[in-house]
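Trainee: Pasted the sequence and its predicted model underneath.
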Amino acid sequence: MTLLKIRDLRKSFGGLKAVDGLSFDVQQGEVLGLLGPNGSGKTTAMNLISGALRADSGSILLGSDELVGMAPHQIARLGVARTFQLVRVLGGMSCRENVEAGMAFRPDHKFGAAAYDEAMALLDTVGLREFAETPAGDLTYIDQKRLELARALALKPRLLLLDEWLAGLNPTELQVGIQLIRDLRAKGLTIILVEHVMDAVRALCDRCVVMFAGSKLAEGETATVLAQEEVITAYLGAPHV
Ligand SMILES: Nc1ncnc2c1ncn2[C@@H]1O[C@H](COP(=O)(O)OP(=O)(O)OP(=O)(O)O)[C@@H](O)[C@H]1O
């Protein structure tokens, strides 16, 4: 079953076509890798899906809901959650409060003890239970990334957008991060993963879409796509492949 249907999506900044006629589908329950060299339009595409940017034209259907033209909080309420390439936690609030803030965007948001219990369970999921009352700003960068994931999960999303969530992890942390995303997939969550860490892409993504200069260069099963000559050429010279 198709959860997300993107058709002929376009976004320009001045004369620069950051997303230029992009179309692809995301199936319910799959992890889709959104790949491409630096500047190819991946983050812009994620911003268009989450509503942080408004498309110039095209369509983004989540189920039967058209997301183009909706405000970010409306899209969040429909069940689209994200993490950011540059982490954005509420530094002065505790980790638990950050997660509880994520719940506030949910149609069925909880208060008091119920919110507390759910926030603690989510912190447990990402390995931060012991830091529940620590100000988020005191966490290391990696732990802030974990917290951002817990806050995204607090939305009980149907679709999770992860923008380079695994970047900057050491090899041990990377394995933990990969397992965490696997667990989320096993629970039926649909995920779009923008990622430069190819080991993670191979380990996690059922299918990949490769962007180049705002357009789709390739799409298909991960191993097949990564072996395509035009994909290798597009990445040539990029140090992380
Ligand atoms: N707000 C903006 N204003 C002007 N240009 C922008 C803006 N956001 C992105 N761009 C440009 O749009 C193009 C696509 O950028 P985008 O960040 O989507 O690429 P990306 O594939 O996510 O790259 P990276 O892998 O480096 O994160 C780039 O040329 C970028 O400089």
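Mentor: Perfect, I can see it now. This structure is a prediction, so every number in the text was calculated from the model and none was measured. Numbering: from 1, shown residues only.
Trainee: Can you show me the CA trace of the helix ranked longest in the chain as PDB?
Mentor: Using DSSP state H, we find that the single longest helix of the chain is helix 171-186. Output in PDB follows, covering the C-alpha atoms of helix 171-186 (Å, rounded to 0.1, in the frame of the first residue of the first chain):
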ATOM      1  CA  PRO A 171      31.300   2.700  14.600                       C
ATOM      2  CA  THR A 172      29.800   1.400  17.800                       C
ATOM      3  CA  GLU A 173      27.200   4.100  18.000                       C
ATOM      4  CA  LEU A 174      26.400   3.500  14.300                       C
ATOM      5  CA  GLN A 175      25.500  -0.100  15.000                       C
ATOM      6  CA  VAL A 176      23.300   1.000  17.900                       C
ATOM      7  CA  GLY A 177      21.600   3.600  15.700                       C
ATOM      8  CA  ILE A 178      21.100   1.100  12.800                       C
ATOM      9  CA  GLN A 179      19.500  -1.300  15.200                       C
ATOM     10  CA  LEU A 180      17.200   1.400  16.600                       C
ATOM     11  CA  ILE A 181      15.900   2.200  13.100                       C
ATOM     12  CA  ARG A 182      15.500  -1.500  12.400                       C
ATOM     13  CA  ASP A 183      13.400  -1.800  15.500                       C
ATOM     14  CA  LEU A 184      11.200   1.100  14.400                       C
ATOM     15  CA  ARG A 185      10.700  -0.500  11.000                       C
ATOM     16  CA  ALA A 186       9.800  -3.800  12.700                       C
END
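Trainee: which residues touch it?
Mentor: For helix 171-186, contacts defined as C-beta atoms under 8 Å, 6 or more residues apart in numbering pick out 29-31, 125-127, 142, 149, 153, 160, 162, 165-166, 169, 191, 193, 197, 199-200, 203-204. To be clear about C-beta, it is placed using only N, CA and C from the backbone, and glycine gets the same treatment.
Trainee: Any of those residues buried? List them.
Mentor: Neighbour counting over the contacts of helix 171-186 (16 or more other C-beta atoms under 10 Å) leaves 30-31, 125-126, 149, 153, 160, 162, 165-166, 169, 191, 193, 197, 200, 203-204 as the buried ones.
Trainee: ok so Glu118 is a helix residue?
Mentor: Yes: read with DSSP: H, G, I helix; E, B strand; the rest coil, Glu118 is one of the residues of a helix.
Trainee: I'd say it and Ala154 touch.
Mentor: Yes: between Glu118 and Ala154 there is a contact under C-beta atoms under 8 Å: 7.3 Å.
Trainee: returning to what we had before: cross the buried ones among the contacts of helix 171-186 against helices and list the overlap.
Mentor: Using DSSP H, the buried ones among the contacts of helix 171-186 in helices are 125, 149, 153, 200, 203-204.
Trainee: Out of the residues you listed, name the two that are farthest from one another.
Mentor: Among those, the pair separated by the greatest distance (C-beta to C-beta) is Leu153 and Ala203, at 20.0 Å.
Trainee: The helix or strand of the chain with the lowest mean pLDDT: how far from the chain's middle?
Mentor: Lowest by mean pLDDT, DSSP states H and E among the helices and strands of the chain is helix 229-235, with a mean of 86. Distance of helix 229-235 from its chain centroid, counting by C-alpha atoms, centre = their mean, to the nearest Å, is 24 Å.
Trainee: from here on, count from 793
Mentor: Yep, numbering from 793; the last one is helix 1021-1027 now.
Trainee: how big is the angle separating the helix or strand hosting Leu826 from helix 963-978?
Mentor: If you go by DSSP states H and E, Leu826 is part of strand 823-827. Angle between the axes of strand 823-827 and helix 963-978 is 130 degrees (criterion: axes from the mean of the first three to the mean of the last three C-alpha atoms, to 10 degrees).
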